[in-house]
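Asks: got a structure for you, letters missing:
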């Protein structure tokens, strides 16, 4: 049975809590009446405020044109509850199927963008294109996270981290070294 | 006791095996006779071949000028054996201390760049600056991995993944979904 994490608004400047550890994400997009979802592992945080993230979305993906033309997307954070769907989404094309329908994922209206959130995910980061300077050369999009939704529990979700070759590392134990940090380094 | 992982040359096009899961890395650099090390979590893979990676190196870091001027660096992959050193390196500045000496890390000659490898790390990726188009605006450096050294064991090292606020997620269990992948998706 699919569960829907109960999410609440979250400070966009803290998107790094969930993205910096390097999880596989599901990127949802919409252009006109067409939606799509892609699985993506090539992303990085770039700035706290504005909350910037960089995503490499290959132009071989059906999502590339949807994102490029709409200049928006949602970065959705799946957990191990969605492992097989993450793999399925990554191994099919939106040119052939409606991924929301095919994989039984629930589109939900976003707050600031037209692209739909994926309700089954632990967190959703609504993004607007901030800089397309490297899109043509590297398919690298710089987005601003303009609104965020995060489930309060579990605090440390069981995210998936891709190593290539069909193999994932699952998020393991949590350790704190907070006491060894300079106060100004504790963002 | 510090151990030295036994490393051998590794295909640069497969750097993603170690970087895509999103680990904290130690970036070593050298300019003239000055070396430095910084702790970094904001990076992404950008391409297989050439093997490109993007690193956000804040210009508030002492390493920024060393990397910008030398146009080289080494991305070193630490494991939990180095947790306290990773934290120490991230909470000190190369303007004040010699980080190799202070933290008892062993510099080792690289193959293709002047910047030293960190011998205690599980893997070392020698990098040359490939594109500085976004350095001025975002402190974002696009590097080409020109040579790689990786320890054969363990196959899945206990990497550290930073969530902010002094808290790390440690790499957990490994799961394969290889049989569900399209053959052409198994890079």
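Replies: Perfect, thanks for sending it. All values derive from a computational prediction rather than experimental measurement.

Asks: so who does the spatially most central residue of chain A touch?
Replies: Nearest to the geometric centre of chain A sits residue A:75, at 2.5 Å (Cα atoms, centre = their mean). Residue A:75 sits next to A:19, A:25, A:26, A:27, A:43, A:53, A:55, A:124, A:125, A:127, A:143, A:145 when contact means Cβ atoms under 8 Å, 6 or more residues apart in numbering or on different chains. For every residue, glycine as well, the C-beta is placed using N, CA and C.

Asks: now the residue of chain A found nearest chain B: closest residue in space, sequence neighbours ignored.
Replies: Proximity of chain A to chain B (Cβ to the nearest Cβ) peaks at residue A:22, 1.0 Å away. In space, and not counting its chain neighbours, residue A:22 is closest to residue B:22: 1.0 Å by Cβ to Cβ, 6 or more residues apart in numbering or on different chains.

Asks: next one, pLDDT for the one you found please.
Replies: pLDDT, residue B:22: 98.

Asks: for it, grab the count of nearby residues.
Replies: 30 (other Cβ atoms under 10 Å in any protein chain shown).

Asks: what strand or helix carries residue A:9?
Replies: strand A:7-10 (DSSP states H and E).

Asks: immediately after that strand, which helix or strand?
Replies: Sequence-wise, the next helix or strand downstream of strand A:7-10 (DSSP H and E) is helix A:16-19.

Asks: can you list the strands that whichever strand in chain A runs longest pairs with?
Replies: Identified as the longest strand of chain A according to DSSP state E is strand A:140-151. For strand A:140-151, the paired strands and their directions (DSSP bridges) read strand A:7-10 (antiparallel), strand A:52-56 (antiparallel), strand A:123-131 (antiparallel).

Asks: can those go into TSV with extra columns for mean neighbour count?
Replies: Listed next are these as TSV, based on neighbours: other Cβ atoms under 10 Å in any protein chain shown:
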stretch	mean neighbour count
strand A:7-10	14
strand A:52-56	23
strand A:123-131	23
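
Asks: can you list those in TSV and add mean pLDDT?
Replies: Below are the strands paired with strand A:140-151 laid out as TSV (pLDDT from 0 to 100):
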stretch	mean pLDDT
strand A:7-10	98
strand A:52-56	98
strand A:123-131	98
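
Asks: and the ones you listed: which comes nearest residue B:181?
Replies: Residue B:181 lies closest to strand A:52-56 among those, at 19.5 Å (Cβ to Cβ).

Asks: starting at the chain centroid, how far to the helix or strand just after the closest one?
Replies: Next helix or strand after strand A:52-56 toward the C-terminus (DSSP H and E): helix A:63-70. On the basis of Cα atoms, centre = their mean, to the nearest Å, the separation between the geometric centre of helix A:63-70 and that of its chain is 15 Å.

Asks: paired strands for the helix or strand following helix A:63-70, with orientation please.
Replies: As assigned by DSSP H and E, the chain's next helix or strand after helix A:63-70 is strand A:72-77. Here strand A:72-77 has these sheet partners by DSSP bridges: strand A:25-31 (antiparallel), strand A:123-131 (antiparallel).

Asks: ok, residue A:132 touching residue A:141?
Replies: Yes - the criterion here is Cβ atoms under 8 Å, and residue A:132 meets it with residue A:141 at 6.7 Å.

Asks: of those two, who's got more company?
Replies: residue A:141 (25 against 12).

Asks: contacting residues around the more buried one?
Replies: Contacts of residue A:141 by Cβ under 8 Å, 6+ apart are A:54, A:55, A:56, A:57, A:67, A:68, A:73, A:129, A:132, A:134, A:135.

Asks: for residue A:157, find the nearest of the strands paired with strand A:140-151.
Replies: strand A:123-131 (7.8 Å).

Asks: residues near residue A:100, how many?
Replies: Other residues close to residue A:100 by other Cβ under 10 Å number 18.

Asks: secondary structure element holding it?
Replies: Element membership of residue A:100, judged by DSSP H and E, is helix A:99-102.

Asks: do I have it right that residue A:172 meets residue B:160?
Replies: No - look at residue A:172 against residue B:160 with Cβ under 8 Å: they stay out of range, at 10.3 Å.

Asks: higher neighbour count, these two?
Replies: Ranked by neighbour count (other Cβ under 10 Å), residue A:172 and residue B:160 place residue B:160 first, with 25 against 18.

Asks: in what helix or strand does the more buried one lie?
Replies: Using DSSP H and E, residue B:160 sits within strand B:160-162.

Asks: adjacent strands (with direction) for the next helix-or-strand element following that strand?
Replies: Tracing the chain past strand B:160-162, the next element assigned as helix or strand by DSSP H and E is strand B:167-176. Using DSSP bridges, the strands paired with strand B:167-176 are strand A:167-176 (antiparallel), strand B:160-162 (antiparallel).

Asks: for residue A:158, what are its contacts?
Replies: When contacts are counted by Cβ under 8 Å, 6+ apart, residue A:158 touches A:79, A:80, A:81, A:170, A:171.

Asks: these: which two are farthest apart?
Replies: A:81 and A:171 (12.7 Å).

Asks: pick out whichever of these two has more residues nearby.
Replies: Counted by other Cβ under 10 Å, residue A:81 and residue A:171 do not tie: residue A:171 has more neighbours, with 25 against 16.

Asks: is it true that the more buried one touches residue A:122?
Replies: No - assessed by Cβ under 8 Å, residue A:171 is found out of contact with residue A:122, at 11.1 Å.

Asks: re the thing from before, okay, and the common contacts of residue A:172 and residue B:160?
Replies: What both residue A:172 and residue B:160 touch, as defined by Cβ under 8 Å, 6+ apart, is the set B:169, B:170, B:171.

Asks: present the residues you listed as JSON lines; the columns should include pLDDT.
Replies: Shown next, in JSON lines, are those (pLDDT from 0 to 100):
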{"residue": "B:169", "pLDDT": "98"}
{"residue": "B:170", "pLDDT": "98"}
{"residue": "B:171", "pLDDT": "98"}
